[in-house]
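Student: Okay, here's the prediction I keep looking at, along with the sequence it came from:
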Amino acid sequence: MNDTFLKACRGEEVKYTPIWIMRQAGRYLPDYQKVRSKVDFLTLCKTPELAAEVTIQPIDILGVDAAILFSDILIPLEPMGLKLRFLEKKGPVFSNPVRDRRSVEKLIDIEPEEDVPFVLDTIRILRRELAKKVPLIGFAGAPFTLATYMIEGGSSKTFLNTKRMMYQNPPLFMELMERITDNTVAYLSAQIDAGAQAIQIFDSWAGALSPADYERYSLPFVKDAVKVLKKKGVPIIYFVNNCAGILDIARKAGSDVLGIDWRIDMAKAAKQIGKKRSIQGNLDPLCLFMPRDSIREAAKDILSKASSARGHIFNLGHGIIPETPVDGAKALVDAVHEISSK
């Protein structure tokens with residue numbers, strides 16, 4: 001098996017810089033679209049054979065160095081008692097948002113083997129299929145990011161309801177965060193037990209908080225989760241979107257790798273993160289629309305700036321978008337492998 005990705009996570013010497021792409025199993029791939037045309041999104045997530053199939057597609061098509069489980073960060077919230085729907089052109093919607101004490105107390109603690117067996121079955125299939133290829137990454141949403149979806153009832157631009165609870169009823173917000181954290185730890189632990197060889201915690205909305213609020217309302221719960229999960233012995237990646245203003249705080253989470261978005265210079269980020277953990281990132285996803293030569297130069301620049309880091313996993317600064325040309329993604333993978341191996 002190609003273990004370059006795992007070595008980079010641990011800060012070990014590698015022959016080249018490994019690369020994988022967030023949302024690499026997705027709508028930009030015609031192969032994915034063929035599978036998706038037959039089922040809705042939630043059904044795809046909940047059908048192990050299909051979820052495994054689309055997880056493997058980018059490994060064969062792009063030649064990336066790690067696979068990431070095809071699923072969604074909101075999947076474990078359904079068995080906690082939330083009614084989830086994915087609407088075309090609108091995204092996820094919860095019809096029963098969590099906004100008061102009664103709704104927090106009604107939440108159910110999940111039993112992963114019973115409540116999300118399809119996720120664990122997908123992981124088991126993938127470990128068999130990927131045994132001689134690349135490592136498998138499991139994932140979950142960070143507690144604050146999951147809380148925003150639960151409280152808002154979906155995506156938000158202002159996070160009005162979330163911050164209203166934070167500021168007007170801090171004890172209730174903290175109680176909700178504790179419940180989410182406990183369930184996230186259980187969910188990720190089950191993924192590792194099923195065979196995930198690394199995990200990523202997505203804090204997609206961390207950047208919506210001020211540094212002080214991030215340190216008070218988000219970071220402690222990530223730290224708690226990481227502390228428990230580290231006992232499982234697999235690398236932990238903590239991806240912090242819109243991290244420029246909070247990176248010096250986010251590094252306290254204790255993860256093996258910090259994933260960063262494209263809004264911060266890689267050299268600056270590597271310096272802030274220091275030598276105790278590796279770094280992941282951070283090309284702007286829209287750069288994949290550039291000509292092949294320009295993609296190569298952008299990759300070369302990031303690789304050079306990340307050279308001071310303990311270890312570097314190349315990635316986009318956020319998920320690849322559906323309109324992305326496959327040739328652009330393949331050009332990036334090829335460029336990273338070629339340039340970094342010299």
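Tutor: Noted; the coordinates are in hand. Please read all numbers here as calculations on a predicted model, not as lab measurements.
Student: Next, residue 103: secondary structure please.
Tutor: Three-state call for residue 103 (DSSP: H, G, I helix; E, B strand; the rest coil): helix.
Student: Can you verify my assumption that it contacts residue 83?
Tutor: No - at 11.9 Å, residue 103 and residue 83 do not qualify as touching, with contact defined as C-beta atoms under 8 Å. All C-beta spots, glycine's among them, are computed from the backbone N, C-alpha and C.
Student: which of these two has more neighbours?
Tutor: residue 103 (17 against 11; other C-beta atoms under 10 Å).
Student: quick one, strands of this structure?
Tutor: Taking DSSP state E to define them, one finds strands in the chain at 67-68, 84-87, 91-94, 136-141, 198-203, 236-240, 257-260, 278-283, 312-316.
Student: Comparing those strands, which comes out most buried?
Tutor: Ranked by mean neighbour count under mean count of other C-beta atoms under 10 Å, the strands of the chain are led by strand 312-316, which reaches a mean of 28.
Student: Which elements pack onto that one?
Tutor: helix 4-10, strand 278-283, helix 292-305 (3 or more C-beta pairs under 8 Å, 6 or more residues apart in numbering; DSSP states H and E).
Student: who does the first one touch, helix- and strand-wise?
Tutor: The elements that helix 4-10 packs onto, with contact taken as 3+ C-beta pairs under 8 Å, 6+ apart, are strand 198-203, strand 278-283, strand 312-316.
Student: closest to residue 242 out of these?
Tutor: strand 198-203 (9.4 Å; C-beta to C-beta).
Student: centre of the chain versus the closest one, how much separation?
Tutor: 5 Å (C-alpha atoms, centre = their mean, to the nearest Å).
Student: got it, and stretch 330-342?
Tutor: 23 Å.
Student: Please list all residues in contact with residue 123.
Tutor: 69, 136, 138, 191, 194, 195, 196 (C-beta atoms under 8 Å, 6 or more residues apart in numbering).
Student: same deal with residue 107?
Tutor: Counting by C-beta under 8 Å, 6+ apart, residue 107 has contacts 80, 81, 98, 176, 179.
Student: go with 7 Å
Tutor: 80, 81, 179 (C-beta atoms under 7 Å, 6 or more residues apart in numbering).
Student: Repeat that for residue 340.
Tutor: Residue 340 touches 16, 17, 303, counting by C-beta under 7 Å, 6+ apart.
Student: ok, now with 8 Å
Tutor: 16, 17, 303, 314.
Student: Kindly report the same for residue 332.
Tutor: Neighbours of residue 332 in contact, by C-beta under 8 Å, 6+ apart: 19, 21, 283, 288, 295, 299.
Student: hmm, back to that, need the helices and strands packed on strand 312-316 in CSV with distance to residue 123 and mean pLDDT, can you?
Tutor: Listed next are the helices and strands packed on strand 312-316 as CSV, based on distance: least, C-beta to C-beta, whole Å; pLDDT from 0 to 100:
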stretch, distance to residue 123, mean pLDDT
helix 4-10, 16, 98
strand 278-283, 21, 98
helix 292-305, 30, 98
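Student: can you put the ones you listed in a markdown table and add distance to residue 234?
Tutor: Below are the helices and strands packed on strand 312-316 laid out as a markdown table (distance: least, C-beta to C-beta, whole Å):
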| stretch | distance to residue 234 |
| --- | --- |
| helix 4-10 | 9 |
| strand 278-283 | 14 |
| helix 292-305 | 25 |
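Student: can I get the helices and strands packed on helix 4-10 in CSV with distance to residue 269?
Tutor: Formatted as CSV, the helices and strands packed on helix 4-10 follow (distance: least, C-beta to C-beta, whole Å):
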stretch, distance to residue 269
strand 198-203, 15
strand 278-283, 6
strand 312-316, 11
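Student: Of those strands, give the one that comes closest to residue 92.
Tutor: Nearest to residue 92, of the helices and strands packed on helix 4-10 and by C-beta to C-beta, is strand 198-203 at 13.7 Å.
Student: need the strands of the chain in CSV with distance to residue 44, can you?
Tutor: Below are the strands of the chain laid out as CSV (distance: least, C-beta to C-beta, whole Å):
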stretch, distance to residue 44
strand 67-68, 15
strand 84-87, 10
strand 91-94, 14
strand 136-141, 16
strand 198-203, 19
strand 236-240, 23
strand 257-260, 25
strand 278-283, 26
strand 312-316, 22
